[in-house]
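Engineer: How does the following fold in three dimensions:
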Amino acid sequence: MTTPRNQTYWRRNEEKLIDLRNYRNRTPLVLILIVLLLAALACNLPGTDLLGVAGDPGNGEENPDGNSNDEVSSIERPARAPLPTNTPYPTPNGRIAFVSSRDGNHEIYVSNIDGSNLIRLTNHEGDDTSPVWHPNGKLILFLSNREDNWDIYYTHADGGFTPTRVTTEPCKDSYASWSPEGNRIVFESFRDHNWEIYIIDKDGTNLRRLTNNPAGDTHPVWAPDGRHIAFTSNRNGNSDIYIIDITSNFLTRLTFSEAPDSDPVWSPTGEKIAFRSHRDGNAEIYVVNTDGSGLTRITNNRAEDSMPVWSEDGTKIAFRSERDGDWDIFVAAADGKSDLIRLSENTTFDGYPSWSPNSLHLAYQSEVEGDTEIFIINADGSALVRFTFNNISFDGFPVWAPN
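Structural biologist: Numbering: from 1, shown residues only. Below is the predicted model:
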């Protein structure tokens with residue numbers, strides 16, 4: 001495919017050829033110049049076999065892992081993302097919750113995929129952020145500093161209700177999410193002057209401290225079985241992934257690398273965990289079975305890859321990467337065996353991907369239009385659509401509603 005850059009290069013050299021032909025009878029030296037210029041053009045014609053790219057063995061750069069079948073060669077030939085359009089997105093009955101500052105400060109909103117039925121769920125001078133859908137799709141959990149402290153609240157996804165406050169401690173509570181049954185909430189808190197993991201009933205009762213260690217325990221995520229919680233801890237002098245059984249309090253250390261491991265995310269079946277690790281020199285995405293076996297490296301690039309998100313069918317993992325000097329969105333096969341698909345390609349920040357329930361689409365935030373807006377794209381990199389059009393403020397942190 002001829003890229004815009006190569007088209008410009010071709011046009012500029014074609015103009016030079018025309019100028020030279022006007023003087024072809026003046027001197028044999030000019031003829032020699034023409035021959036030399038044509039030879040140079042022939043060597044620079046666009047084509048996938050001639051254009052070297054970073055990490056591609058064709059550009060004379062060695063594969064750092066010495067494996068021609070690893071992910072380095074495939075991810076450096078990503079699909080280009082299409083340009084955004086105003087075309088309504090053809091996904092029925094879907095909704096997205098997101099954060100917007102369109103009314104002066106950060107509030108929680110919900111809208112249909114086609115942009116209709118926009119509902120402002122929160123209305124307070126404090127900031128409301130980090131929306132999380134309840135498993136039944138009727139409630140939304142969020143964090144708010146409306147009482148001069150970050151606490152956990154939830155409200156009805158159809159609007160018209162005063163948010164319910166779940167936590168009331170004067171210290172920060174964050175990283176909250178619902179249990180699979182939707183009756184409890186897990187979160188991290190600094191209430192005991194150290195980051196620990198807690199669970200609490202939806203009505204604010206039965207608070208229980210799950211971890212008690214001088215080190216920091218953070219980023220809790222509930223397993224699909226409702227019995228286990230994965231989290232990050234540096235209790236052994238290094239950031240690693242742990243799993244706790246909330247019934248027996250039995251603690252399992254999942255990773256043992258000397259480099260930091262963090263940001264665990266359960267697969268939909270609960271059999272695997274995706275996470276970020278620096279074990280090979282920089283931040284990459286890995287997948288491991290919950291018994292610690294079957295470690296698979298999903299990405300292999302010198303830049304940082306982070307924020308893995310499983311598709312609902314468990315076959316793909318979306319993540320963000322700064323391999324081109326800025327953050328873009330990519331999709332990888334969860335088994336690490338297929339080429340990556342690049343969903344965004346620009347010089348600004350793209351991040352916080354969220355999968356649709358049918359695993360065919362993603363929503364993410366991007367600064368490609370100058371301000372931060374939300375876009376929706378097919379998982380194969382096609383049909384990019386702009387979801388929000390609030391050009392003077394922030395729209396971000398999209399979360400797709402469950403079925």
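
Engineer: Where does Ile229 fall, secondary structure wise?
Structural biologist: Taking DSSP states H and E as the criterion, Ile229 maps to strand 228-233.

Engineer: Toward the C-terminus, what is the element adjacent to that strand?
Structural biologist: With DSSP H and E, the next secondary element past strand 228-233 is strand 240-245.

Engineer: other SSEs contacting that following strand?
Structural biologist: Secondary-structure packing of strand 240-245 (3 or more C-beta pairs under 8 Å, 6 or more residues apart in numbering; DSSP states H and E): strand 228-233, strand 251-253, strand 261-266. Bear in mind the C-beta positions are built from the backbone N, C-alpha and C, glycine included.

Engineer: What residues of the second one count as buried?
Structural biologist: So that's strand 251-253. Within strand 251-253, no residue is scored as buried using 16 or more other C-beta atoms under 10 Å.

Engineer: name the helices or strands packed onto it?
Structural biologist: Applying 3+ C-beta pairs under 8 Å, 6+ apart, one finds that strand 251-253 makes contact with strand 240-245.

Engineer: hey, C-alpha coordinates of the one helix or strand Phe142 maps to in CSV?
Structural biologist: Here Phe142 sits within strand 139-144, counting by DSSP H and E. The C-alpha atoms that make up strand 139-144 are tabulated as CSV, following Å, rounded to 0.1, in the frame of the first residue of the first chain:
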residue,chain,number,x,y,z
LEU,A,139,-26.7,0.2,39.2
ILE,A,140,-23.4,2.0,38.8
LEU,A,141,-20.6,2.1,41.4
PHE,A,142,-18.4,5.2,41.5
LEU,A,143,-15.8,7.1,43.6
SER,A,144,-16.5,10.6,44.8
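
Engineer: and that strand, what does it pack onto?
Structural biologist: strand 107-112, strand 128-133, strand 151-156, strand 173-178.

Engineer: Mean pLDDT for the ones you listed - can I get that in a markdown table?
Structural biologist: Listed next are the helices and strands packed on strand 139-144 as a markdown table, based on pLDDT from 0 to 100:
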| stretch | mean pLDDT |
| --- | --- |
| strand 107-112 | 97 |
| strand 128-133 | 98 |
| strand 151-156 | 98 |
| strand 173-178 | 97 |
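
Engineer: Can you add distance to Ser101 and give those back as TSV?
Structural biologist: Formatted as TSV, the helices and strands packed on strand 139-144 follow (distance: least, C-beta to C-beta, whole Å):
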stretch	distance to Ser101
strand 107-112	8
strand 128-133	10
strand 151-156	18
strand 173-178	19
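
Engineer: So which of those strands is nearest Trp400?
Structural biologist: The closest of the helices and strands packed on strand 139-144 to Trp400 is strand 128-133. By C-beta to C-beta, the value is 7.9 Å.

Engineer: ok and the closest one relative to strand 107-112, angle-wise?
Structural biologist: With axes from the mean of the first three to the mean of the last three C-alpha atoms, to 10 degrees applied, the angle from strand 128-133 to strand 107-112 works out at 40 degrees.

Engineer: Listing partners with orientation, what would you give for strand 128-133?
Structural biologist: Strand 128-133 pairs in its sheet with strand 139-144 (antiparallel), by DSSP bridges.

Engineer: contacting residues around Ile244?
Structural biologist: Ile244 makes contact with 197, 210-211, 228-229, 231, 250-252 under the criterion C-beta atoms under 8 Å, 6 or more residues apart in numbering.

Engineer: name the helices or strands packed onto the strand holding Ile229?
Structural biologist: Under the contact criterion of 3+ C-beta pairs under 8 Å, 6+ apart, strand 228-233 touches strand 196-201, strand 217-222, strand 240-245, strand 261-266.

Engineer: need those in JSON lines with mean pLDDT, can you?
Structural biologist: Converted to JSON lines, those look like this (pLDDT from 0 to 100):
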{"stretch": "strand 196-201", "mean pLDDT": "98"}
{"stretch": "strand 217-222", "mean pLDDT": "97"}
{"stretch": "strand 240-245", "mean pLDDT": "98"}
{"stretch": "strand 261-266", "mean pLDDT": "97"}
